[in-house]
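Participant: Predicted coordinates and the sequence they were generated for:
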Amino acid sequence: MFNPGIKDFEGEFDAKTYIDRLTFTTPGGGINDEDDSFDPSLLHERFIRAIEDMKLLQEKTEKKLEKLEEVSRKESTDHVKRVGGLLHNCNEISAQHFEELNGRIKHVSSKVVPLGTQLERANIPRTKCAEAYNIIKQFDGFVKGNIDDELFNKTNNLKKAAPVIQMLKSISEDLCEKSERFNCVDSSITETYHAIETGLIEEFQRAHADDDKPGMREIATVLQHFKGYNQCVVEFINQSLKDQIITTDGFSEIVPQCCELRDLIHKVFSNPEFVLENLLVHIFLSRIRQHVEKLDRSNLGSYLRQLCILFSETSALSQQLIICQLSNDTEFLARLQKNIFHRKIATYISDELEFLNRTCSAILAHYYASIGHTKRQLTGLKNAILNKAMTKQSHDAPINYSSLLSRDSVVAKILRETEESFNRCDILSPQSDIPKNAVDIHDILLQYLVVEHLEYAIDMATQGLPPVEPKSQPSLHYLDVVNRSDNIFHEIEKQYVEKFQPLVLGSLLYSEAVTKRKELIASLESKLESGLDRTLNSVVGWVKHILQTEQRKSDYKPEGEDCALVEITPACRKTVHFLNMVIKSCKSSLDGGNLLVTCEELGSRLHSLIYNHLLQYQYTGIGGMQAMFDVNEYCQCISGMNNPLVSTLFDKLRALCNLLVVGPDNIKEMMTAELLADIDKSVKNLFIQQRSDYKSSKLNQLATS
């Protein structure tokens, strides 16, 4: 019978072959016996035993494997310890050997370095002696006229000859100071010096043209000790910028080219800061200055605008050059810019004021010519008063002077010019002169826009005002003058805050300018108030004229009580028609506080006029009703003012008119009504006395009760 062993599992193991072997060696397995002798239970038992044997074999194998692993781990630990010990011993030995070697090196160097120093001390004098001998030999050649052509006259030896000729040049200059007999030698050496210098510069230019940066750097280093080194730098800059064209549209193309040159300069020259300074000097004083000098003063406006643009572009260029690290010296760039513009800046403010005076004067002259007006002369600049002999007009036919005050064109043009002037003042004026220059510009603005235009129009309009008691319907043109003046004040105030104030704020001139401006505005406001007051007086005077000429006694005291009532009397209709036109003009020409105060003043004066007018008549019952109709119409008209105070006055006037129509028995009760309760009793009695039945109804007893 086959029993499994460890050898059966060595090599390649085939499970099928192994099972066949078990089956073959099992009696009753059905392989070697007859078919009828096959017993599956025997085969099953055989497989069970084989599996048990294999498990026992596996356990033995695992125990053996564990023992082997334990032995391996122990041997590995022992090996690591042995290797660590060997490494430790090796490091100690290596460190010991290194210290011994380092000590030997120090010992040798302590012997060698002093020896080298001694050799150097001995060699330097010999080298200097050799150099001195060579220099003396070359100098002797120049004295005897026997110049070393191999060294000095061959172009391929220029770099070698350069230090020699420099030394000879220095010696010859010293000797010439002590004795004149060396002048001829100095002339010959100087000639050779210049020839070598020129040759080196030409070689540098060729290397530059060939983009040979190492060659350029080598030659620049040699030339640095020559007097012509500056010429080499200038030629380098000219050749680098020969194709550059600076336009007046801006200097944006300068910075990129300068950045490229900066990198090249750092690679070629050993003193790049010096070369970069020369580059900037060339750009500012040679290139930008050309455009500044070409500015044409024949057209001051164009000249000032171009000057401001050039100055602004140059300032921006300076900032960009600093950002690109082409220069870190802001004062140096400021000096260059000042050098370019100093003559233009010196005359800037006089040119600005001259141009502004011309322009503002031309704007006003063109405007007055366009409206067909010949401007009259004023007797002053601030408080201008027209010569009345030249402007005498008939008060019966007043002229509309509101057209003398421009709505938009003149104001906008002058403010635009002064705004540009303020901007240029901020840019072109020296810092210390900005406040004074700004004040001068602001004075011109006040002179032309306020004094010669606004104040002139106000004075002319004032002269054209109708009289207090007009014989014809008065013109309301002055309301439009007030409106336009207010708009101009707002525009001037806006520019004052945005442009003028920032330039002078904090200076000694600021308070003076503020005082001067306030005085001028106060003067104009006083004139406007006076003219507006006269206009209101004319309106009230015309209403008075209408009432005096149109109102009939029979309107309120007809012949019989059976007369038919009319809607309103002709005098009232004509008055209301005129007042509606006045209120509409006020609303269209005035706004805000001006409208409120004007309506309040006009309404109060009209109330007083109509109140006194009503007290001039006697009223029957029908007449009282007619008066009520008229007063109702006045109230409705006045309500268009939207003024509570005036509306209250006319409401009380209407309540007083009720005393003209109520029955005698109800008068006492009416006198204590809501609107009449706070009115003085004497006023109420005045209206009661105007009743035609005052005596017959014994209403006089109410006055004493």
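Facilitator: Done, it's in.
Participant: got the contact list for residue 657?
Facilitator: Residues counted as contacts of residue 657 (Cβ atoms under 8 Å, 6 or more residues apart in numbering) are 614, 624, 627, 628, 631, 687. For the C-beta atoms, the positions are set from N, CA and C on the backbone; glycine is no exception.
Participant: quick one: which of those residues is nearest residue 92?
Facilitator: Distances from residue 92 to these, taken as Cβ to Cβ, are shortest for residue 631 (130.8 Å).
Participant: where does the stretch 601-705 of the chain have low pLDDT?
Facilitator: Along the stretch 601-705 of the chain, segments meeting pLDDT under 70 span 700-705.
Participant: Phi first, then psi, for residue 226.
Facilitator: phi -90, psi 160 (degrees, to the nearest 10).
Participant: which SS class is the residue lying closest to it once chain neighbours are set aside?
Facilitator: Excluding its sequence neighbours, the residue lying closest to residue 226 (Cβ to Cβ, 6 or more residues apart in numbering) is residue 197, at 5.0 Å. Put simply, residue 197 is helix when judged by DSSP: H, G, I helix; E, B strand; the rest coil.
Participant: related to what we said a few turns ago, list just the nearest of the contacts of residue 657 to residue 489.
Facilitator: residue 631 (39.2 Å).
Participant: What about the residue nearest to residue 226, how many residues nearby?
Facilitator: 23 (other Cβ atoms under 10 Å).
Participant: before we move on, the earlier item: and the contacts of residue 657, which are buried?
Facilitator: Buried members of the contacts of residue 657, counted by 16 or more other Cβ atoms under 10 Å: 614, 624, 627, 628, 631, 687.
Participant: Residue 611 is in contact with the last one, correct?
Facilitator: No - because the distance of 9.7 Å does not satisfy Cβ atoms under 8 Å, residue 687 is recorded as not touching residue 611.
Participant: Could you single out the nearest of the contacts of residue 657 to residue 260?
Facilitator: Using Cβ to Cβ, these come closest to residue 260 at residue 631, 92.3 Å.
Participant: show me the contacts for that closest one.
Facilitator: 610, 614, 650, 653, 654, 657.
Participant: May I see the residues you listed arranged in JSON lines, with distance to residue 275 as well?
Facilitator: Shown next, in JSON lines, are these (distance: Cβ to Cβ, whole Å):
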{"residue": "610", "distance to residue 275": "94"}
{"residue": "614", "distance to residue 275": "100"}
{"residue": "650", "distance to residue 275": "91"}
{"residue": "653", "distance to residue 275": "95"}
{"residue": "654", "distance to residue 275": "97"}
{"residue": "657", "distance to residue 275": "101"}
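Participant: Residue 653 is in contact with residue 610, correct?
Facilitator: Yes - Residue 610 is in contact with residue 653 according to Cβ under 8 Å; the separation is 6.9 Å.
Participant: Between those two, which has more neighbouring residues?
Facilitator: For residue 610 versus residue 653, neighbours defined as other Cβ under 10 Å are more numerous around residue 610 (22 against 19).
Participant: Please pull out the lowest mean pLDDT helix or strand from this protein.
Facilitator: For the chain, using mean pLDDT, DSSP states H and E, the weakest element among its helices and strands is helix 149-152, scoring a mean of 54.
Participant: Could you check the helix or strand hosting residue 634 and say which residues are buried?
Facilitator: Assigned by DSSP states H and E, residue 634 falls within helix 621-638. Residues of helix 621-638 classed as buried: 622-631, 633-635, 637-638 (neighbour count, 16+ other Cβ under 10 Å).
Participant: which one of the contacts of residue 657 is nearest residue 228?
Facilitator: residue 631 (108.1 Å).
Participant: quick one: which of the buried residues of helix 621-638 is nearest residue 571?
Facilitator: For the buried residues of helix 621-638, the nearest to residue 571 is residue 630 (7.9 Å; Cβ to Cβ).
Participant: The closest one contacts residue 570, correct?
Facilitator: No - in this structure, residue 630 is not within contact of residue 570 by Cβ under 8 Å, at 10.4 Å.
Participant: coming back round to it: correct me, but the residue nearest to residue 226 touches residue 223?
Facilitator: Yes - under the criterion of Cβ under 8 Å, residue 197 makes contact with residue 223 at 7.4 Å.
Participant: what is in contact with these two at once?
Facilitator: By Cβ under 8 Å, 6+ apart, no residue touches both residue 197 and residue 223.
Participant: Break down the stretch 601-705 of the chain into its helices, ranges please.
Facilitator: Secondary structure of the stretch 601-705 of the chain (DSSP state H, counting those that start in this stretch): helices at 621-638, 644-658, 667-671, 681-689, 700-704.
Participant: Over to the closest residue in space to residue 524 that isn't next to it in sequence. Which of the three states is it?
Facilitator: Of all residues not flanking residue 524 in the chain, residue 455 sits nearest, at 5.9 Å (Cβ to Cβ, 6+ apart). Three-state call for residue 455 (three-state DSSP): helix.
Participant: how close does residue 455 sit to residue 486?
Facilitator: 14 Å (Cβ to Cβ, to the nearest Å).
Participant: which one of these two has more residues nearby?
Facilitator: Between residue 455 and residue 486, residue 455 has the larger neighbour count (other Cβ under 10 Å), namely 24 against 16.
Participant: Surely the more buried one and residue 526 touch.
Facilitator: No - the pair residue 455 / residue 526 is not scored as a contact, 11.3 Å apart, by Cβ under 8 Å.
Participant: just the buried residues of helix 621-638 now: which is nearest residue 466?
Facilitator: Once Cβ to Cβ is applied, the member of the buried residues of helix 621-638 that ends up nearest residue 466 is residue 637, at 21.2 Å.
Participant: To which secondary structure element type does residue 270 belong?
Facilitator: coil.
Participant: Apart from its neighbours in sequence, what residue is nearest it?
Facilitator: residue 221 (5.9 Å).
Participant: With residue 530 instead?
Facilitator: Per Cβ to Cβ, 6+ apart, closest to residue 530 is residue 462, 7.2 Å.
Participant: just residue 358 next, same as before
Facilitator: residue 300 (7.3 Å).
Participant: which residues touch the residue nearest to residue 630 when sequence neighbours are not counted?
Facilitator: Spatial nearest neighbour of residue 630, chain neighbours left out: residue 572 (4.1 Å); criterion: Cβ to Cβ, 6+ apart. By Cβ under 8 Å, 6+ apart, residue 572 lies in contact with 629, 630, 633, 634.
Participant: so which of the residues you listed comes closest to residue 642?
Facilitator: residue 634 (15.7 Å).
Participant: Touching, the closest one and residue 578? I think so.
Facilitator: No - in this structure, residue 634 is not within contact of residue 578 by Cβ under 8 Å, at 11.9 Å.
Participant: Any figure for the gap between residue 523 and residue 43?
Facilitator: Distance from residue 523 to residue 43, by Cβ to Cβ: 139 Å.
Participant: which residues sit in contact with the residue nearest to residue 530?
Facilitator: So residue 462 contacts 478, 527, 530, 531, 534 (Cβ under 8 Å, 6+ apart).
Participant: what's the first-to-last distance across stretch 484-503?
Facilitator: Start-to-end span of stretch 484-503 (Cα to Cα, to the nearest Å) is 28 Å.
Participant: residues of it that come out buried?
Facilitator: Buried residues in stretch 484-503 (16+ other Cβ under 10 Å): 484, 485, 486, 488, 489, 492, 495, 496, 499, 500, 503.
Participant: re earlier: in CSV, list the buried ones among the contacts of residue 657 along with distance to residue 232.
Facilitator: Shown next, in CSV, are the buried ones among the contacts of residue 657 (distance: Cβ to Cβ, whole Å):
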residue, distance to residue 232
614, 107
624, 115
627, 110
628, 110
631, 105
687, 112
